[in-house]
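Chemist: Coordinates for the following, if possible.
(2 chains)
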Amino acid sequence: MTAPLTEHADSRTDAYAVRLEAVSKMYGKDLLALDRVSLAVRPGEFVCLLGASGCGKSTLLNLVAGLDDVSGGEISSGSKIAMMFQEPALFPWLTVNANVEMAMRAEKVGKDERRARAQELLDLVHLGAFGKKRPHELSGGMRQRVALARALAQEADVLLMDEPFGALDAMTRDILHDELERIWRERRPAVLFVTHNVREAVRLGDRVVLLSSRPGRVVEDFPIELPRPRRTDSAEVATLAATITDRLREEVGRHGR
Amino acid sequence: MAVDRLPPAADTHERQLTGLDALELIPAKRTSFGLRVWRHAWPMLTAVVIVLAIWQAVVLAGFWPEYVFAGPITTFGDLANKVTDPEFYQALATTMRRAVVGFALAVLIGLVIGAAVSRVRILRAAFGSLITGLQTMPSIAWFPFAILLFGLTESAIQFVVVLGAAPSIANGLIAGVDYTPPLLLRAGKVLGFGRLQMYRHVILPASLPSFLAGLKQGWAFAWRSLMAGELMVIIAYQASLGEQLAISRELSDSPGLIGTMIVILVIGIVIDMLFEAANTALRRRWGLRQEQ
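Modeler: Take a look at the predicted model:
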């Protein structure tokens, strides 16, 4: 799982898929969304970012994805970045196949290869038979899997996920956790996964990074050493989740007065 | 700890997933083509019957003598004669040619202006409201100026048709570009699209419904402008629907006049239905339409 840490300072970007150093983000003159957040994700590592509302989790992902500019600090990532949103964000005018192929357009991949790779990825998310459908003909969970296939099609080393299962029912979410874990173990991208669901974070992450709210700061970094695959309803996950929830509540409580 | 069940094996997992997919998909309900046509046709047919009845009733009431306001039976008899007359088809062909050429020009100009204005902020500030203003200008008010510029020629008619339709088409495109869902723009950016790719793969397809609405409105304006133009600019030896209207009025040929009006109305309705069909097909493809 862990990449070998090299001694050379120059090759540090190899040891980290993404590295944030004292990253701050201001909105307007006085809204500090993120306050000197430092965080590093190693190649192939699954990191969950956890926090209550207003902790700037999504802001942080947008900064890493380059959708927004930092106000201070530095983000370095020597690698290609893909991103999934809470909504599938598929193009409604394209078929499922064409949506996945769209990810290879920017790279100018040839038509035949695009088609073959899209099919392979749809098979990977168990949607191989649905390539000719349009997004609106699929259920929410299926659409989110198409979005996952599209993100994977970018062959990025870093996958950013912004509450991708937040809008799904518990049953579907549970199955998609298994699905995501399986694919992650097969392909090994570094994942930065934002959620406000503590159990989800413990279920999936190698590490759970807890952010405070307004401004967002890293409060604590919990390593999750439970063996995989885990179950969301297992006793170990529940115990760890309870510890982290307590810490999170304590953090939220600071805003009570 | 030991009581925990093991996570499902890979094939069980796959079966659960496909099972869930199957449960969540609602099987599509298809109604037969004939039934769908009938569902749309009967309210329209009813409306036509009601209008004809009112028309006949007004004629029977005798406010006007029969030679001024012809009844439906005389009119349709006259129309049946007319559609066997080659001159009618010449008139129809001239009018339709003008409509198609004028509308095509308007689409071209509307596209160029719309694309430029939606892209360049300064152009938007300068011309955005002017384009909307032009839309509200009654096209018939342009004719004296057009005749001054081009004389009593077809160019004068085309000039006004284009001025009538192009602003709507440009506005449709501008609105479509403006209302591209921000989420799709973000998705495009994450996929690594540059400015041009963003336009081609995201913004233009996303603005299609709005552009189509602009085309439909543009067509309505073009058709009105064209009829006004054909009434005002009568070119010798070139029969057109508008010219036939004018001649019927001069000859006090009431059935001929009403018959031509019906032809103009029907053409307008048919083309509007074509736009509506395109719109419905688009909405179905995008999943914006609730199938009843």
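Chemist: From the chain's centroid, how far away is stretch A:65-83?
Modeler: For stretch A:65-83, the separation from the chain centroid amounts to 14 Å (computed by C-alpha atoms, centre = their mean, to the nearest Å).
Chemist: ah, wrong one, I meant stretch A:222-235
Modeler: In terms of C-alpha atoms, centre = their mean, the centre of stretch A:222-235 is set 18 Å apart from its chain centre.
Chemist: what does the stretch 101-250 of chain B have sitting close to chain A?
Modeler: Contact residues (C-beta under 8 Å from any C-beta of the partner chain) of the stretch 101-250 of chain B with chain A: B:183-184, B:186-187, B:189-194, B:197, B:201-202, B:205-206, B:208. Yep, even glycine has a C-beta here, placed from its N, CA and C like the rest.
Chemist: how about 7 Å then?
Modeler: B:183-184, B:186-187, B:189-193, B:197, B:201, B:205 (C-beta under 7 Å from any C-beta of the partner chain).
Chemist: now residue A:231, what's its secondary structure?
Modeler: What DSSP: H, G, I helix; E, B strand; the rest coil gives for residue A:231 is coil.
Chemist: Now for the residue in chain B that chain A sits nearest to: which residues touch it?
Modeler: Proximity of chain B to chain A (C-beta to the nearest C-beta) peaks at residue B:287, 2.3 Å away. Residues near residue B:287 by C-beta atoms under 7 Å, 6 or more residues apart in numbering or on different chains: A:92, A:134, A:136.
Chemist: among the residues of the stretch 101-250 of chain B next to chain A, which ones are buried?
Modeler: Taking 16 or more other C-beta atoms under 10 Å in any protein chain shown as the criterion, what is buried in those is B:184, B:186-187, B:189-193, B:197, B:201, B:205.
Chemist: Make sure residue A:48 is indeed in a helix.
Modeler: No. Membership of residue A:48 in a helix is not supported by three-state DSSP, which gives strand.
Chemist: Show me what it bridges to in the sheet.
Modeler: Beta-bridge pairing for residue A:48 (DSSP bridges): residue A:193, residue A:208.
Chemist: Next, find the distance separating it from residue A:41.
Modeler: Distance, residue A:48 to residue A:41, using C-beta to C-beta, to the nearest Å: 11 Å.
Chemist: burial measure for the residue of the stretch 151-257 of chain A found nearest chain B, as a count.
Modeler: Going by C-beta to the nearest C-beta, chain B is nearest to residue A:229 of the stretch 151-257 of chain A, at 4.3 Å. Residues lying near residue A:229 (other C-beta atoms under 10 Å in any protein chain shown) number 15.
Chemist: ranges for the strands of the stretch 151-257 of chain A?
Modeler: Counting by DSSP state E, counting those that start in this stretch, the stretch 151-257 of chain A has strands at residues A:158-162, A:190-195, A:207-211, A:218-223.
Chemist: since we're on residue 58, how many residues are nearby?
Modeler: Reading this off chain A. When counting by other C-beta under 10 Å, one arrives at 17 neighbours for residue A:58.
Chemist: um, chain B though
Modeler: 13.
Chemist: Also the one 5 residues further on?
Modeler: One way to gauge burial is a neighbour count; for residue B:63, by other C-beta under 10 Å, it gives 9.
Chemist: Please report phi then psi for it.
Modeler: Backbone torsions of residue B:63, given as degrees, to the nearest 10, read phi -60, psi -40.
Chemist: Pull up the per-residue confidence for the spatially closest residue to it that is not a sequence neighbour.
Modeler: Nearest residue to residue B:63 in three dimensions, chain neighbours excluded: residue B:69, at 7.5 Å (C-beta to C-beta, 6 or more residues apart in numbering or on different chains). If you check residue B:69, the pLDDT there is 90.
Chemist: Likewise for residue A:189?
Modeler: On the pLDDT scale, residue A:189 is placed at 91.
Chemist: Can you tell me the closest non-neighbouring residue to it?
Modeler: What sits nearest to residue A:189 in space, not counting adjacent residues and going by C-beta to C-beta, 6+ apart, is residue A:159, at 4.5 Å.
Chemist: which residues touch the one you found?
Modeler: Applying C-beta under 7 Å, 6+ apart to residue A:159 gives the contacts A:82, A:151, A:189, A:191.
Chemist: Next, format the residues you listed as a markdown table and append neighbour count.
Modeler: What follows is these, written out as a markdown table (neighbours: other C-beta atoms under 10 Å in any protein chain shown):
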| residue | neighbour count |
| --- | --- |
| A:82 | 23 |
| A:151 | 26 |
| A:189 | 25 |
| A:191 | 22 |
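Chemist: how far away is residue A:109 from residue A:135?
Modeler: Here residue A:109 is placed at a distance of 22 Å from residue A:135 (C-beta to C-beta).
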